[in-house]
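Student: here are the coordinates; sequence isn't available:
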């Protein structure tokens, strides 16, 4: 027998997991988890045009609830901390600043192991239809172009199919900077406050903020985008994230920093890299470092000493040795050869 949850979703029990039907154009669910130790708790605030509802429970009770499916798109935004998301039986970790857009009909649930702040945005098919049709009513040509970004393309491709089992991940670039988190906080705070205290024009403001969020998430200078198909191995996603992080930092990211960003043990990270490249984590990171050195040597007049220092080499001889081992010539010889080739 179905039941209505907070007048926002209707829950239909099934043999495997409950099915949620959304009863409102959109809903925002803010979750705060204190941790996973005995006595820790989870607070949940759900906001929608049909009203706002609050509840609290123990972290143990929250983590023990069953997975579910629903008929709407759902965007997970990790504002602080990290969360485990089990999707179709596979577990993924999302650190601060990362997001996950889940298509309808995917079995999923989030569990916590530490303090975290999350915001979920549920988008009904009716609202997604309106967003996808915005290019028919907008005033500016630039708005029509934004309708072709990676988020809109994902929504379009999955709108008419419940059988394409995949989700879209957004993993922040520049991991040592915090501007991606700041933008997520700014947009999410505006969404929550607009929906919580509606007034004349709030409907348009909500749609505009959702579009702003989609534009921000589609910015390739801020996020890596990964379409994760559920028939692929989860190791591939982790390896992809490791590669992106090393690429973004020119390979100069320590094992402990990777542990903090990915919430995986350093030995396991090293094992994944070894499995996919045959190299240890240090050697794999060094390939990105030397690649950046080669780029600087061929495209700038910066001195070799300065380049070595920029890439955090404290020993110039060590830099020369590693560079020659990879490229078969010293940095100076490499620069001279590339210069002569460009003059031909």
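Tutor: Here it is on my side, so go on. The model shown is predicted, which means the values in this text are computed figures rather than measured ones.

Student: now the helix or strand containing residue 268: buried residues?
Tutor: Using DSSP states H and E, residue 268 sits in helix 266-277. Buried positions in helix 266-277, judged by neighbour count with 16 or more other C-beta atoms under 10 Å: 269, 270, 272, 273, 276. No exception for glycine: its C-beta is placed from N, CA and C like everyone else's.

Student: distance between that helix and the chain's centre?
Tutor: Centroid displacement of helix 266-277 relative to its chain, using C-alpha atoms, centre = their mean, to the nearest Å, is 21 Å.

Student: following it, which helix or strand shows up next?
Tutor: Taking DSSP H and E, what comes next after helix 266-277 is helix 281-299.

Student: hmm, who's touching that next one?
Tutor: 246-247, 249-253, 255, 258, 266, 269-270, 273-274, 277, 279, 302, 304, 307-308, 310-311, 319, 322-323, 326-327, 331, 334-335, 338-339 (C-beta atoms under 8 Å, 6 or more residues apart in numbering).

Student: which pLDDT value belongs to the nearest residue to residue 338 once chain neighbours are set aside?
Tutor: Distances taken as C-beta to C-beta, 6 or more residues apart in numbering place residue 298 nearest to residue 338, at 4.4 Å, with adjacent residues excluded. With respect to pLDDT, residue 298 scores 94.

Student: quick check: mean pLDDT of stretch 125-132?
Tutor: The model assigns stretch 125-132 a mean pLDDT of 93.

Student: list the buried residues for that stretch?
Tutor: 125, 127, 128, 131.

Student: tell me which element the second one is part of?
Tutor: When elements are defined using DSSP H and E, residue 127 is found to belong to helix 125-132.

Student: if we can go back for a sec, who does the helix holding residue 268 touch, helix- and strand-wise?
Tutor: helix 234-248, helix 255-262, helix 281-299 (3 or more C-beta pairs under 8 Å, 6 or more residues apart in numbering; DSSP states H and E).

Student: rewinding a little: let's have the buried residues of stretch 125-132 in JSON lines, adding distance to residue 186.
Tutor: Converted to JSON lines, the buried residues of stretch 125-132 look like this (distance: C-beta to C-beta, whole Å):
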{"residue": "125", "distance to residue 186": "28"}
{"residue": "127", "distance to residue 186": "22"}
{"residue": "128", "distance to residue 186": "23"}
{"residue": "131", "distance to residue 186": "20"}
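
Student: nearest to residue 58, of those?
Tutor: residue 127 (33.3 Å; C-beta to C-beta).

Student: what residues are up against that closest one?
Tutor: Per C-beta under 8 Å, 6+ apart, neighbours of residue 127: 25, 26, 207.
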